[in-house]
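1. when you get a sec, could you give me coordinates for this:
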Amino acid sequence: MSLSNFVKRLRDIMRNDAGINGDAQRLEQIAWLLFLKVYDAREQDWDMDEENYESIIPAECRWSKWAVDDKSGNAMTGDTLLDFVNNTLFPTLKGLSVAPDTPIKKSIVKTTFEDANNYMKDGVLLRQVINIIDELDLGDYEESHAFGEIYESLLRELQSAGSAGEFYTPRAVTEFMAKMIQPKIGERMADFACGTGGFITSWLKELSPQIQTTADQIEYDNSIYGIEKKQFPYILCITNMLLHGIDLPRIYHDNSLLRDVLDYTEEDQFDVVLMNPPYGGSEKADVKNHFPADLASSETADLFMSVIMYRLKENGRAAVILPDGFLFGTDNAKVSIKKKLLTEFNLHTIIRMPNSVFSPYTSITTNILFFDRTDPTTETWYYRLDMPEGYKNFSKTRPMRLEHFTPVMAWWNNREEINIEGFDKARKYTAEELSGELGYNLDQCGYPHEEEVILDPLDLIHQYEEKRASLNAKIDRVLAEITAILGGAAE
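-> The predicted structure is shown next:
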């Protein structure tokens, strides 16, 4: 089929359906239909490769049974199709029997449909959508590979689909981080808030050229681990993994913050962590109870940093995206987290990224922290990645590209301090400087002459709250020092 206008054809049909309200619902509708189509294609492969393969999906609910239109005039449509989807398909898939020993490739069907919804109300339009999706020939290598690119463009649409944009990290960023982390066969990587699986697919892309033997292939297939809290990105991620040929996608629909970090053992640790923790979000108050008192922040990004530190193996490596608020924050929890990071890990590099990388989802400026669990930090290099020439901002039509990281990749292995017009673009700080005179303020090598960025109201409030918390912490420390001095004088 012609893949160039695949998404447009689906969009044009769905616009006429009264049940679809906006881009987010349209994408969610496409997501579960695509999952069933892709899963059916994988099942056909498993059926050929495995003796006596049995699907977890009852025969009447398998895509090839109810969705495929053989042009005989017998394909379900209209009210009959709607009734089947709403009253047979969804209840059946949501109610599948799954036991602890059920293989992952089977149990993911139930997990995928636990909170999925059918929004379409017109059975004729639903039939048209199903027929377009069924035209995909995923058994054909060329078309399957081409569809992988189409799927990537579908994920990019999330950036402009309201709050759904939080699940998508620009591919240029995930690929840069995967390249710099240098994956090796035999290593296991994790993303504890994996969204649609961008970091995982970038990891697999970097790792795949190293596959030489069948044993390597097995290690490659088993090298990933992801957790995603929200249902919609979880569906997209599972489908993404199946499209990448991962038959046992160890992706779990769960919340990484709901386990006591002190309970983690070596079995729960990974060689590599690549992730962009959610920030500015909210969790239930009792989530803090899963963290030591000094690390119990109200900011989700801070909590994820603690999870990462407790789940990174000895000699493991991590690359993590964090907002500016983490760097400049001096409230008690942030200082404790940064102190742990500098004393128990080697925070060797911080890349300052230009604004609008995540536009239009958020304009808050972000950074990439590279660290490993080897020795305590002795020095931390900063590099400020400036906006490419000819760009004022990144946008949906002009997103960040991997080539925009070329300057930092050239600098990476030949590090030197760079000062332009009196402003540091690259500089090395000792751990003593960062923890001592700078008071754990990691906000160094910032952008000079920064143009004022008009933030979304919620982002503005969040940034204000972080700055207020940091200021309050500074005031408290100064008052404590004054009280100690006065107390000493009174004696």
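2. break this structure down into its structural domains.
-> Under the assignment automatic domain parsing, the domains of the chain span 6-155, 170-193+256-475.
3. do you have the helices of the stretch 251-400 of the chain handy? List them.
-> Counting by DSSP state H, counting those that start in this stretch, one finds helices in the stretch 251-400 of the chain at the ranges 300-311, 324-328, 332-344.
4. what is the last one packed up against?
-> Applying 3 or more CB pairs under 8 Å, 6 or more residues apart in numbering; DSSP states H and E, we find helix 332-344 packed against helix 300-311, helix 431-435, helix 457-490. Backbone N, C-alpha and C define where each C-beta goes, glycine included.
5. if we use 6 Å, what do you get?
-> Secondary-structure packing of helix 332-344 (3 or more CB pairs under 6 Å, 6 or more residues apart in numbering; DSSP states H and E): helix 300-311.
6. how long is stretch 341-355 from one end to the other?
-> With CA to CA, to the nearest Å as the measure, stretch 341-355 spans 25 Å from end to end.
7. buried ones in it, by neighbour count?
-> Neighbour counts over stretch 341-355 (16 or more other CB atoms under 10 Å) mark 341-342, 345-355 as buried.
8. now stretch 74-83
-> Residues of stretch 74-83 classed as buried by neighbour count (16+ other CB under 10 Å): 75, 76, 77, 81, 82.
9. how about these in a markdown table, adding distance to residue 38, pLDDT and secondary structure?
-> Output for the buried residues of stretch 74-83, formatted as a markdown table (distance: CB to CB, whole Å; pLDDT from 0 to 100; DSSP: H, G, I helix; E, B strand; the rest coil):
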| residue | distance to residue 38 | pLDDT | secondary structure |
| --- | --- | --- | --- |
| 75 | 20 | 92 | coil |
| 76 | 21 | 95 | coil |
| 77 | 23 | 96 | coil |
| 81 | 20 | 97 | helix |
| 82 | 23 | 97 | helix |
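10. and residue 72, how many neighbours does it have?
-> Neighbour count of residue 72, defined by other CB atoms under 10 Å: 6.
11. give the contact list for residue 245.
-> With CB atoms under 6 Å, 6 or more residues apart in numbering as the criterion, no residue contacts residue 245.
12. against residue 133, how distant is it?
-> Per CB to CB, to the nearest Å, residue 245 is found 20 Å from residue 133.
13. mind showing which ranges of the stretch 301-450 of the chain have poor pLDDT?
-> Applying pLDDT under 70 to the stretch 301-450 of the chain flags residues 360, 449-450.
14. ok, the stretch 51-200 of the chain next?
-> 141, 158-167.
15. for it, which segments count as helices?
-> With DSSP H, counting those that start in this stretch, the ranges of helices along the stretch 51-200 of the chain come out as 63-66, 78-84, 90-94, 104-113, 123-134, 141-156, 171-181, 198-207.
16. mind listing what's buried along the first one?
-> Pointing back at helix 63-66 there. Per 16+ other CB under 10 Å, helix 63-66 contains these buried residues: 63, 66.
17. repeat for the fifth one
-> Using 16+ other CB under 10 Å as the burial criterion, the residues of helix 123-134 that qualify are 123, 125, 126, 127, 128, 129, 130, 132, 133, 134.
18. deepest of the domains of the chain, which one?
-> domain 170-193+256-475 (a mean of 18; mean count of other CB atoms under 10 Å).
19. compute the first-to-last residue distance for that domain.
-> Start and end residues of domain 170-193+256-475 are separated by 38 Å (CA to CA).
20. about what we covered before: output the buried residues of helix 123-134 in a markdown table, with distance to residue 276 appended to each entry.
-> Shown next, in a markdown table, are the buried residues of helix 123-134 (distance: CB to CB, whole Å):
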| residue | distance to residue 276 |
| --- | --- |
| 123 | 39 |
| 125 | 36 |
| 126 | 34 |
| 127 | 38 |
| 128 | 36 |
| 129 | 31 |
| 130 | 34 |
| 132 | 32 |
| 133 | 29 |
| 134 | 34 |
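21. ok, so of the residues you listed, who is nearest residue 309?
-> Looking at these and their distance to residue 309, the nearest is residue 133, at 42.4 Å (CB to CB).
22. just checking, the closest one touches residue 36?
-> No - counting by CB atoms under 6 Å, residue 133 does not reach residue 36; the two are 8.7 Å apart.
23. mind checking how far stretch 64-72 is from the chain centre?
-> From the chain centre to the centre of stretch 64-72 is a distance of 36 Å (CA atoms, centre = their mean, to the nearest Å).
24. next: stretch 418-425.
-> Offset of stretch 418-425 from its chain centre (CA atoms, centre = their mean): 33 Å.
25. what sits up against it?
-> Applying CB under 6 Å, 6+ apart, the contact partners of stretch 418-425 are 384, 426, 445, 448.
26. can you tell me which residues contact the first one?
-> Meaning residue 384. Contacts of residue 384 by CB under 6 Å, 6+ apart are 352, 425, 445.
27. got these as a markdown table, with distance to residue 157 columns?
-> Formatted as a markdown table, those follow (distance: CB to CB, whole Å):
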| residue | distance to residue 157 |
| --- | --- |
| 352 | 28 |
| 425 | 34 |
| 445 | 34 |
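28. list the buried ones in the helix or strand where residue 220 lies?
-> According to DSSP states H and E, residue 220 maps onto helix 214-221. Buried residues in helix 214-221, counted by 16+ other CB under 10 Å: 219, 220, 221.
29. can you tell me which of these is nearest residue 109?
-> Of all the buried residues of helix 214-221, residue 221 has the smallest distance to residue 109: 19.1 Å, by CB to CB.
30. please save the CA atoms from stretch 26-34 in CSV.
-> Output of stretch 26-34 as CSV, limited to C-alpha atoms (Å, rounded to 0.1, in the frame of the first residue of the first chain):
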residue,chain,number,x,y,z
ARG,A,26,-7.9,9.8,17.4
LEU,A,27,-4.4,8.6,18.2
GLU,A,28,-5.6,6.4,21.0
GLN,A,29,-8.2,4.8,18.7
ILE,A,30,-5.5,4.1,16.1
ALA,A,31,-3.2,2.8,18.8
TRP,A,32,-5.3,-0.2,19.9
LEU,A,33,-6.3,-1.1,16.3
LEU,A,34,-2.6,-1.0,15.2
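31. so for that stretch, mean pLDDT?
-> The average pLDDT for stretch 26-34 rounds to 90.
32. please work out which residues outside that stretch touch it.
-> Counting contacts by CB under 6 Å, 6+ apart, the residues outside stretch 26-34 that touch it are 10, 14, 20, 116, 119, 133, 161, 232, 235, 236, 239.
33. now with 7 Å, please.
-> For stretch 26-34, contacts defined as CB atoms under 7 Å, 6 or more residues apart in numbering pick out 10-11, 14, 20, 116-117, 119-120, 129-130, 133, 157-158, 161, 164, 232, 235-236, 239.
34. residue 371 reaches residue 346, doesn't it?
-> Yes - with contact taken as CB atoms under 7 Å, residue 371 and residue 346 are classed as touching, separated by 5.9 Å.
35. quick check: the residue nearest to residue 312 when sequence neighbours are not counted vs residue 415, distance?
-> Closest residue in space to residue 312, ignoring its immediate chain neighbours: residue 373 at 4.9 Å, by CB to CB, 6 or more residues apart in numbering. Distance of residue 373 to residue 415, given as CB to CB: 21 Å.
36. sounds good, over and out.
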